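# Below are the sequence and a predicted model for it; my questions follow.
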Amino acid sequence: MEEHGVQRPGTSEEGQASPAPPEAAVAEAEVSLADQWEALKRELEAARAQAQEYLEGWQRERAAFANYRKRVEAERAQFAAEATAVFIRKLLPIMDDFERALQTLPDNLRHLTWVEGIFLIYRKLQLALESEGVQPIEVKPGDPFDPMLHEAVLYEPVEGFGDGQIVEELQKGYKLGDRVLRPTLVKVARSVEPAPGGETSG
């Protein structure tokens, strides 16, 4: 006989057993955790994509800046080389005047002190140009005419020279490295064209 006012363990007031933790709540919690995990994964992927985008943008800007710096340095070097070439071209006529004066100098004056001083000044000018990379264009009689290095002033038939061969150097040319500062002025041999119909015996 059940005592009044006393409940047995595991029974409700109506005399029924207490239910176990609801499975629906557990399933709902698992679904919520799965949703949160997926959301975190999506956020991580988005963050990674944005970081990659920033990295690629930074790399593009870095490459663009490197190219800009190279272009500026190349333009600066080209400007400096052009300025040097312009200045050296202004000195070449002075070299020409020295050479003409020294070539026509009478032998009986070469021993004079002031003449030796002129030779010394000329040599110093030569060395200064050589230190900048300036070299004369070497030309010998019989060399073939090269329009990249030479400028023909005279064409005429000369015995002992073939067509297109250099007969004489008229003005020295100069190069700055591989660049022609001034072509050499030359006299070039030209072959004589035979008269039409050839010679006739009379």
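In hand now; what should we look at?
# rest of the way, CA atoms for contacts and neighbours
Fine.
# what stretches of this structure score poorly on pLDDT?
Residue ranges of the chain with pLDDT under 70: 1-22, 24, 192-202.
# Can you show me the strands along it?
134-136, 150-156, 166-171, 174-176, 179-182, 184-189 (DSSP state E).
# Could you export these as JSON lines, including distance to Arg60 and mean neighbour count?
Converted to JSON lines, the strands of the chain look like this (distance: least, CA to CA, whole Å; neighbours: other CA atoms under 10 Å):
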{"stretch": "strand 134-136", "distance to Arg60": "41", "mean neighbour count": "18"}
{"stretch": "strand 150-156", "distance to Arg60": "48", "mean neighbour count": "17"}
{"stretch": "strand 166-171", "distance to Arg60": "53", "mean neighbour count": "20"}
{"stretch": "strand 174-176", "distance to Arg60": "38", "mean neighbour count": "20"}
{"stretch": "strand 179-182", "distance to Arg60": "36", "mean neighbour count": "18"}
{"stretch": "strand 184-189", "distance to Arg60": "49", "mean neighbour count": "24"}
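# Can I get the ones you listed in JSON lines including distance to Val31?
Formatted as JSON lines, those follow (distance: least, CA to CA, whole Å):
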{"stretch": "strand 134-136", "distance to Val31": "84"}
{"stretch": "strand 150-156", "distance to Val31": "89"}
{"stretch": "strand 166-171", "distance to Val31": "96"}
{"stretch": "strand 174-176", "distance to Val31": "81"}
{"stretch": "strand 179-182", "distance to Val31": "79"}
{"stretch": "strand 184-189", "distance to Val31": "91"}
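# Quick one, which of those strands gets closest to Leu40.
Closest to Leu40 of these is strand 179-182 (CA to CA; 65.6 Å).
# What separation is there between the residue nearest the centre of the chain and Leu55?
Centroid-nearest residue in the chain, with CA atoms, centre = their mean: Ala74, separated by 5.8 Å. For Ala74, the distance to Leu55 equals 28 Å [CA to CA, to the nearest Å].
# and Gln165, bridged to which residues?
Pro144 (DSSP bridges).
# what about it, neighbour count?
By the measure other CA atoms under 10 Å, the count of residues near Gln165 is 23.
# before we move on, what about Val139?
Other residues within reach of Val139, judged by other CA under 10 Å, total 19.
# Make 57 the first number, not 1, from now on.
Shifting the count to begin at 57 puts that one at Val195.
# Contacts only, for it.
Listed by CA atoms under 8 Å, 6 or more residues apart in numbering, the contact partners of Val195 are Glu225.
# again, but for Asp199
Gln221, Ile222.
# Nearest to Ser88 among the strands of the chain would be which one?
Nearest to Ser88 among these is strand 235-238 (77.5 Å), distances taken as CA to CA.
# list the helices and strands the closest one packs on?
With contacts taken as 3 or more CA pairs under 8 Å, 6 or more residues apart in numbering; DSSP states H and E, strand 235-238 sits against helix 79-159, strand 230-232.
# Perfect, that will be all.
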